[in-house]
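> this is the structure alone, sequence omitted:
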């Protein structure tokens, strides 16, 4: 079993013993998503820590989107619950890059892409290919794309 999955299950046990309903239900749903992914396809397999991390990130993103939807719908109590679940999941993800850190990485990638002949807004693909491996898991794709567009526009 992967170390991240083991940590999730150990934390679930601790949350159940501590009667922490929010944490235990969030971890249960996340572990279920991981197990579902493990048995998807033609044969069952063990997921790596990187794959487990991607599932946790996907679950956290679902919580953020649900919180926004509840906020727009005027359901503050459900929005607060979704945000709290997202914060529980954030503990298991790598620290997110600040805007300044992200801008520095993108600026270096833009300079590298321009140096290899890509120019203007059409260089977006080339810059994203350089940036994505550097920020994997530490910045959301939409945020990265927006920063790339901003720096390519001038």
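Now that the structure is in, tell me what you want to look at. If you're wondering where the values come from, they're calculated on a predicted model, not measured in any experiment.
> CA atoms for contacts and neighbours, from now on please.
Fine.
> any idea of the mean pLDDT for the helix or strand hosting residue 149?
For residue 149, the host element (DSSP states H and E) is helix 141-153. On average, the pLDDT along helix 141-153 is 79.
> so what touches that helix?
With Cα atoms under 8 Å, 6 or more residues apart in numbering as the contact definition, helix 141-153 has outside contacts at 102, 103, 106, 107, 110, 120, 121, 123, 124, 127, 128.
> okay, and which of those residues map to helices?
Among the contacts of helix 141-153, DSSP state H puts 102, 103, 106, 107, 110, 124, 127, 128 in helices.
> report the contact partners of residue 130.
Contact partners of residue 130, counting by Cα under 8 Å, 6+ apart, are residue 109.
> let's go with 10 Å and repeat that
The contact partners of residue 130, by Cα atoms under 10 Å, 6 or more residues apart in numbering, come to 105, 106, 108, 109, 110, 112, 113.
> quickly note the distance from the third one to residue 133.
Distance, residue 108 to residue 133, by Cα to Cα, to the nearest Å: 13 Å.
> more neighbours, those two?
Ranked by neighbour count (other Cα atoms under 10 Å), residue 108 and residue 133 place residue 108 first, with 14 against 9.
> surely that one touches residue 127?
Yes. Taking contacts as Cα atoms under 10 Å, residue 108 lies within contact range of residue 127: 9.3 Å.
> how many neighbours does the closest residue in space to residue 52 that isn't next to it in sequence have?
Counting by Cα to Cα, 6 or more residues apart in numbering, residue 34 is the residue found nearest to residue 52 once chain neighbours are left out, at 6.6 Å. Other residues near residue 34 come to 21 when the count uses other Cα under 10 Å.
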